[in-house]
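> Quick one, fold the following:
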Amino acid sequence: MKKTAIGIAILLTFITAGVCMAQGQVTVGAPQQILVDQSSCAGHAADNIKKTITISWRGDLADGTIPATPIPSTGVLGWYLYTVETVPGSTAPTSGYGITIKNSHGIDLMDGNLANRSASAAQLVNAGAGAFGYPLVMGDLTFAITGNSVQNSTGTVILTFLPE
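This next block holds a predicted model:
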């Protein structure tokens with residue numbers, strides 16, 4: 001009886017580990033500062049500094065879903081979201097998948113402009129194109145992907161921020 005209980009415990013450990021490894025994953029990198037050639041910035045000294053946050057994601061092995069993930073505002077608090085670049089990975093996501101970048105009130109800072117993403121081409125969206133203009137980061141954000149059903153699909157999202 002004791003050997004049976006130990007065998008069941010070991011079996012459940014492997015089953016649980018397999019289920020956990022199958023879940024979609026998101027990795028949010030720390031903000032990286034970029035210095036831009038000042039001569040290309042129309043004479044605005046502050047325009048030569050930008051920060052980026054790179055988000056890498058992988059779809060679930062069972063159904064392709066990706067969990068909603070917090071984006072800490074550390075390093076970009078008080079900065080403006082400027083552009084969002086979406087780059088599908090080598091295992092392409094579902095054509096027309098969508099992305100949201102929401103604030104703590106649940107407002108999509110990109111105003112729906114990250115819906116209908118390409119599964120094969122990188123795309124760049126200007127955050128100022130939405131109804132909100134360039135949104136000011138006033139707290140942590142939440143990254144979410146919807147409409148992906150390709151198992152183990154991958155992609156990268158690069159958020160670019162400008163100072164006030």
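> all strands for this structure, in order.
25-28, 32-35, 49-58, 69-71, 80-88, 98-102, 123-126, 141-146, 154-162 (DSSP state E).
> For Ala115, find the nearest of those strands.
strand 98-102 (4.2 Å; C-beta to C-beta). Bear in mind the C-beta positions are built from the backbone N, C-alpha and C, glycine included.
> Report the mean confidence score over the closest one.
Regarding strand 98-102, the rounded mean pLDDT is 98.
> need the contact list for the most centrally placed residue in the chain.
Centroid check for the chain by C-alpha atoms, centre = their mean gives Ile55 as the closest residue, at 4.4 Å. The contact partners of Ile55, taken as C-beta atoms under 8 Å, 6 or more residues apart in numbering, are Val26, Thr27, Val28, Gly29, Thr69, Ile71, Phe143, Thr156, Val157, Ile158, Leu159.
> Just list the residues touching the third one, thanks.
Taking C-beta under 8 Å, 6+ apart as the definition of contact, the neighbours of Val28 are Ile53, Ile55, Thr69, Pro70, Ile71, Pro72, Phe143.
> Show me the shaky parts of this structure.
The chain contains residues with pLDDT under 70 at 1-22, 37-47.
> For the residue nearest to the centre of the chain, give its distance to Val26.
6 Å (C-beta to C-beta, to the nearest Å).
> next one: Asp108
17 Å.
> next one: Gly59
For Gly59, the distance to Val26 - C-beta to C-beta - is 10 Å.
> so what sits against both of the two?
Ile66.
> what's the burial count for the closest residue to Ala122 other than its chain neighbours?
Excluding its sequence neighbours, the residue lying closest to Ala122 (C-beta to C-beta, 6 or more residues apart in numbering) is Val87, at 4.5 Å. Other residues within reach of Val87, judged by other C-beta atoms under 10 Å, total 17.
> contacting residues for Val87?
Ala122, Gly155, Thr156, Val157, Ile158.
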